[in-house]
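Participant: Got a predicted structure here, sequence first:
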Amino acid sequence: MKPHNINLQAWRILAALRHEDHQRLSDLASHTGAELSYLSRAVVALEERGFLRRDASAEDKRNIHMSLTPAGRAIVAELAPRAWDIERASVSGVSPEELAATLKTLRAIFSNLVDGCQGATGVNRKLTVARRVRSKEIQDETEA
């Protein structure tokens, strides 16, 4: 991803749009775990690079939907095999049962953290926790 200057968060945005096009910013926030303020800037940067476009909803012009451009689809198609290699390597030697148990445990921990956050509400609370979890994941990845 480095040769294309695509960081992890940009990749998550592009991959989320590949999975489901025409997403609102709040949808992307849910899928990527990014805060809306960061996501807004990242979307503008990806749009400036020609990887995505923003269109007003036909039903409600206040709703803006993001979609991949042909250039965005091409970069995702080019980078996806490498991302899958990294994902496969990260779980190498872990049985499907162990992986399922680990993911179940992590989801329970995440749910406990979300439920236990005081002073934050709704999506912001979930995004705050998701950001902390993802920051720890990134830190762990760089230390490995």
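Facilitator: Perfect, thanks for sending it. This is a predicted model, so every value here is computed, not measured.

Participant: Tell me the spacing between the closest residue to Ile6 other than its chain neighbours and Leu14.
Facilitator: Distances taken as C-beta to C-beta, 6 or more residues apart in numbering put Leu79 closest to Ile6, at 6.7 Å, once the chain neighbours are dropped. Yep, even glycine has a C-beta here, placed from its N, CA and C like the rest. Using C-beta to C-beta, to the nearest Å, Leu79 is found at 8 Å from Leu14.

Participant: of these two, who's got more company?
Facilitator: Taking neighbours as other C-beta atoms under 10 Å, Leu79 and Leu14 compare with Leu14 leading, 23 against 17.

Participant: Identify the residues contacting that one.
Facilitator: Applying C-beta atoms under 8 Å, 6 or more residues apart in numbering, we find Leu14 in contact with 6, 46, 51-52, 68, 72, 75-76, 79.

Participant: Let's see that with 6 Å instead.
Facilitator: Val76 (C-beta atoms under 6 Å, 6 or more residues apart in numbering).

Participant: Thought Arg18 was touching Val76, still the case?
Facilitator: Yes. With contact defined as C-beta atoms under 6 Å, Val76 counts as touching Arg18 (4.7 Å).

Participant: So between the two, which is more surrounded?
Facilitator: Val76 (19 against 15).
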